[in-house]
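> Sequence plus predicted model, see below.
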Protein chains: 2
Amino acid sequence: MEKNIQEAENYCQQNGLNLTPVRRKVLEILLEKNTAIGAYEILDLLRESGFKNQPPVAYRALDFLVQNGFAHKIEQLNSFIGCMHPGKDHSPAFMICRNCDSVSEEEALTRNFSVSQIASKAGFTVEKAVIEARGLCQSCSDLA
Amino acid sequence: MEKNIQEAENYCQQNGLNLTPVRRKVLEILLEKNTAIGAYEILDLLRESGFKNQPPVAYRALDFLVQNGFAHKIEQLNSFIGCMHPGKDHSPAFMICRNCDSVSEEEALTRNFSVSQIASKAGFTVEKAVIEARGLCQSCSDLA
DNA sequence: TTCCTCCATGATATAACATAACATTCGCGC
DNA sequence: GCGCGAATGTTATGTTATATCATGGAGGAA
């Protein structure tokens, strides 16, 4: 975990990114809990550590972390989780347990995988899958 | 579209479900727009048609529709879209265009598919994919 | 140095999304 | 008629997220 922070710091140095105190603290928070947590819970923890606690503080830090691959947003929970392999180009698939709220990040290879395959590899029983891609549709691509 | 409403009505009859006026109206709204719309926009449209317009009105109808496969929630947009093949057991994948906001529902077969395959079939260029499964993790299954 | 610019943060306010909780109505079987 | 359950009405509030403008601080150019 301390190791992850170190890696993040190195990665930022090498890429001209600024891992400021708030951003670093939010990353620590995310990695300590290893489950998904909401922005306002993060805000509380920030306050406990002496940071300012207005919503934008948390959201800005989270934006930075998500943007740069240090965290992911779990859309179904409106919450955030630290990334297990930052920097690397990857397409994550999350397994969210409805019973214990644990969230595990699996790698969804780009080609020929299925959610159920990923899940069964992780011993996870899927009840509902959300698959949403963002990008450009045919006609908007044509216009470009 | 009128056809879809008919089908919904039949399906409800056969399955002991109650497609009440509000629920029906919300389904109509969803099918007319064929893009994702938010609960509060639906609420406005309901008011225009003489329905009550407190939030619970829309959310309850949406719950019913989602629950019974007549609509889906698009998590990334906090909005809702009518389902193109209600009743049938299916696992949808949504392609959301960042330019024109169109949302298309594709079928994600349960086995051996990939988001990029589905996307390219639909002429869609994926920039970011969200894959989230809800269910039971290994240890919670073991306890059961 | 002085000034400018860029980036990050501080601070206030409000928007957007969603649900809790309790009251009321209505159809249906007894 | 009475009780019950399902749906709706109503009020209030909780939760998540962003817009906007002000402030501060590091680094470069004149």
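Perfect, I can see it now.
> touching chain B at all, the lowest-mean-pLDDT helix or strand in chain A?
When each helix and strand of chain A is scored by mean pLDDT, DSSP states H and E, helix A:115-121 comes last, with a mean of 86. Yes - interface with chain B: helix A:115-121 contributes A:115-119 (C-beta under 8 Å from any C-beta of the partner chain). No exception for glycine: its C-beta is placed from N, CA and C like everyone else's.
> By neighbours, which of these wins?
Neighbour counts for those peak at A:Val115, which has 26 neighbours (criterion: other C-beta atoms under 10 Å in any protein chain shown).
> Now for the closest residue to it other than its chain neighbours: which residues touch it?
Closest residue to A:Val115 apart from its sequence neighbours, by C-beta to C-beta, 6 or more residues apart in numbering or on different chains: A:Ala129 at 4.8 Å. The contact partners of A:Ala129, taken as C-beta atoms under 8 Å, 6 or more residues apart in numbering or on different chains, are A:115, B:91, B:108, B:131-134.
> circling back to that earlier point, and which of the residues of helix A:115-121 next to chain B is nearest to A:Asp142?
A:Asp142 lies nearest to A:Val115 out of these, by C-beta to C-beta, at 30.4 Å.
> Sheet-wise, list the partners of the longest strand that chain A contains with their directions.
Determined from DSSP state E, the single longest strand within chain A is strand A:125-136. Its sheet considered, strand A:125-136 pairs with strand B:92-97 (parallel), strand B:125-136 (antiparallel) by DSSP bridges.
> Tell me where chain A has helices.
Secondary structure of chain A by DSSP state H: the helices cover A:2-14, A:21-32, A:39-48, A:55-67, A:115-121, A:138-143.
> Dump those helices into CSV; add distance to B:Arg47 as well.
CSV is the format used below for those (distance: least, C-beta to C-beta, whole Å):
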stretch, distance to B:Arg47
helix A:2-14, 49
helix A:21-32, 41
helix A:39-48, 31
helix A:55-67, 30
helix A:115-121, 39
helix A:138-143, 32
